[in-house]
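Asker: Fold the stuff below for me.
(one chain, ligands or ions: 1)
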Amino acid sequence: MTTKPSFPADFLWGAATSAYQIEGSPLADGAGVSNWHRFAHRPGTIAHGDHGDTACDHYRRYEEDIQLMRELGLQAYRFSIAWHRIFPEGRGRLNPKGLDFYLRLADALNNAGIVPCATLHHWDWPAALDDQGGWAHRDSAQWFADYAHTLFRALDGRVKHWATLNEPWVIVHAGYIEGAHPPGVPAFAKAPHAAHNLLRGHALAVQAFRADGAGQIGLVVNLEPKFAASAKPEDQAALARSHAYMNRWFLDPVFLGGYPEEMADIFGADWPRFPEEDFKLIREPFDFLGINYYSRTVVRDEPANLPVRDARVRQRAEHTAMDWEVFPEGLKTCLTWVKQRYTTLPLYVTENGAAFADPPAVAGRVADPRRVAYLRDHLRAAHAALAEGVDLKGYFAWSLLDNFEWAHGYGKRFGLVRVDYPTGTRTPKDSARFYRRVIESRGAVL
Ligand SMILES: OC[C@@H]1[C@@H](O)[C@H](O)[C@@H](O)c2nc(CNc3ccccc3)cn21
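Answerer: Numbering: from 1, shown residues only. Here you go, the predicted model:
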């Protein structure tokens, strides 16, 4: 007889979104041009020519969406703040109307009994900062810390749960290695500097929070367990490079004080020597780690695939619409690996979810059995990690709403709630109803 999972009474159940993916109104109320607004309007960058000019129209429909959150039984909501609404040029002139949207959002969430969990930077920022060198510019760390400090003071008393960065690895890999995200031009030699300045900015923001903030502050990383396709030494070496590149590049410095040795192998002559005092700063302690988990990858050696010289070996298993393998045990693997290698800090699953080819709404229902199964199996894995002593404090489903899936546009639907474009009509999917029952039963229905 298997015992039914039971999550702690204070476990925080939420859903997550990000500003550019849902808000729309990119230039409203004095907002500046963002990197993603400019990039998405560059022909050929986004599937189907999609962009975030309307998205889910959340900037205008946030009260309706908060009512949806209440109907789903959410206890918390993870959202991001659009820097370009606050400082249209990136620094200097503050735009009060832009700040006001987040004051209204936080007040409405608190009034609804939903914990606001704000991410300061989820990839969108003023295009002006990219024009001044972006994250590769050493001053970007201070630009970020100054922006963060302004928000800590402005939202004091309204927001007590903060994350500095969402997935710095993606900002660097997609933005500076691939060029698939802004700045949009591959700049291999700049990537290590961008990564380093993101970490410096995170630490400076934490120091600003210690001075003028209240509550908890953390960092959100994407983790993806890596497995070798074979026991051959070359595949084992590819595994070590791939694992270091995606999973250790940022966590080793913040928790262990230095970069993985594989980084010098991957970047070769383009791997810089950083000042020792930077590593002391980057180790600034914070309060929790957010982990975004979606899938795992099986890798083999592939010398032609620069810079990591690895290749994915597609598995005979279920895959999502993103062609990501469904691998629930990988969530437990990530959680236990972080506890074993790095820290006993509180952990949150800050993103977990899947895109599937959902059917349209019929009579107010959207049947998404594969997403129900995905959530069920990953929540079981999360509970298994809890049972092994991981201090897991909460779980945020990605995403509350179908939304703008970056370079994929609107064709990939991750939401618990379907959004029909362009009307913006919201329809809770079966997975939303399932998630509500999970929250109500503290996991007993899993
Ligand atoms: O792709 C789904 C979500 C995305 O919508 C979120 O904005 C972002 O935080 C997010 N991160 C991942 C996982 N990380 C990742 C790894 C490799 C390439 C792209 C994303 C998935 N997602």
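Asker: In the chain, what residue spans correspond to strands?
Answerer: 12-16, 76-80, 115-121, 161-166, 216-223, 226-228, 288-293, 297-301, 310-312, 347-352, 392-398, 417-420, 425-428 (DSSP state E).
Asker: So the first one, near the ligand or not?
Answerer: Yep, that's strand 12-16 we're talking about. No - if you take CB under 6 Å from any ligand atom as the test, strand 12-16 misses the ligand, and the best it gets is 7.8 Å. All C-beta atoms are positioned from the backbone trio N, CA, C, and that covers glycine.
Asker: helices or strands next to that strand in the packing?
Answerer: The contact analysis (3 or more CB pairs under 8 Å, 6 or more residues apart in numbering; DSSP states H and E) places strand 12-16 against strand 76-80, strand 115-121, strand 347-352, strand 392-398, helix 430-441.
Asker: and if you look at the fifth one?
Answerer: Packed against strand 216-223 by the contact rule (3+ CB pairs under 8 Å, 6+ apart) you find strand 161-166, helix 168-172, helix 191-212, strand 288-293, helix 329-341, strand 347-352.
Asker: distance of the spatially most central residue of the chain from the ligand?
Answerer: Nearest residue to the geometric centre of the chain (CA atoms, centre = their mean): N166, 4.3 Å. N166 is 5 Å from the ligand, where distance means CB to the nearest ligand atom, to the nearest Å.
Asker: try P186
Answerer: 16 Å.
Asker: Isn't that residue up against A180?
Answerer: No - the criterion here is CB atoms under 8 Å, and P186 misses it with A180 at 9.2 Å.
Asker: contacting residues around V172?
Answerer: For V172, the contacting residues are W135, A191, A194, A195, L198, by CB atoms under 8 Å, 6 or more residues apart in numbering.
Asker: Sorry, slip of the keys, the one I care about is G90.
Answerer: By CB under 8 Å, 6+ apart, the residues touching G90 are G32, W83, H84, W125, P126, A128, L129, Q132, W143, Y147.
Asker: at 7 Å instead, please
Answerer: W125, P126, A128, L129, W143 (CB atoms under 7 Å, 6 or more residues apart in numbering).
Asker: which of these are close to the ligand?
Answerer: Within the contacts of G90, nothing lies near the ligand by CB under 6 Å from any ligand atom.
Asker: Could you export those as TSV, including neighbour count and pLDDT?
Answerer: TSV is the format used below for these (neighbours: other CB atoms under 10 Å; pLDDT from 0 to 100):
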residue	neighbour count	pLDDT
W125	28	98
P126	27	98
A128	18	98
L129	26	98
W143	24	98
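Asker: Return the residues in contact with L347.
Answerer: Contacts of L347 by CB under 7 Å, 6+ apart are F288, L289, I291, L335, V338, V390, D391, L392, K393.
Asker: and the gap between the closest residue to the fourth one other than its chain neighbours and A304?
Answerer: Spelled out, it's L335. In space, L335 comes closest to A385 once its chain neighbours are excluded; the distance is 4.0 Å by CB to CB, 6 or more residues apart in numbering. A385 sits 37 Å away from A304, going by CB to CB, to the nearest Å.
Asker: Surely L99 and I86 touch.
Answerer: Yes - using CB atoms under 7 Å, L99 makes contact with I86 at a distance of 5.5 Å.
Asker: Show me which of these two is the more surrounded one.
Answerer: I86 (25 against 19; other CB atoms under 10 Å).
Asker: Let me see the contact set for the more buried one.
Answerer: I86 neighbours (CB under 7 Å, 6+ apart): L94, N95, G98, L99, Y147, T150, L151.
Asker: Buried among the residues you listed? Need that as a selection in PyMOL.
Answerer: The PyMOL selection below is limited to those of the contacts of I86 classed as buried (16 or more other CB atoms under 10 Å):
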select buried, resi 95+98+99+147+150+151
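Asker: Save the contacts of I86 as TSV, and put in pLDDT too.
Answerer: Listed next are the contacts of I86 as TSV, based on pLDDT from 0 to 100:
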residue	pLDDT
L94	98
N95	98
G98	98
L99	98
Y147	98
T150	98
L151	98
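Asker: could the strands of the chain be laid out in TSV, adding distance to T320 and mean pLDDT?
Answerer: Shown next, in TSV, are those (distance: least, CB to CB, whole Å; pLDDT from 0 to 100):
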stretch	distance to T320	mean pLDDT
strand 12-16	17	98
strand 76-80	21	99
strand 115-121	23	99
strand 161-166	20	98
strand 216-223	15	99
strand 226-228	18	98
strand 288-293	13	99
strand 297-301	13	98
strand 310-312	15	98
strand 347-352	12	99
strand 392-398	12	98
strand 417-420	16	98
strand 425-428	20	98
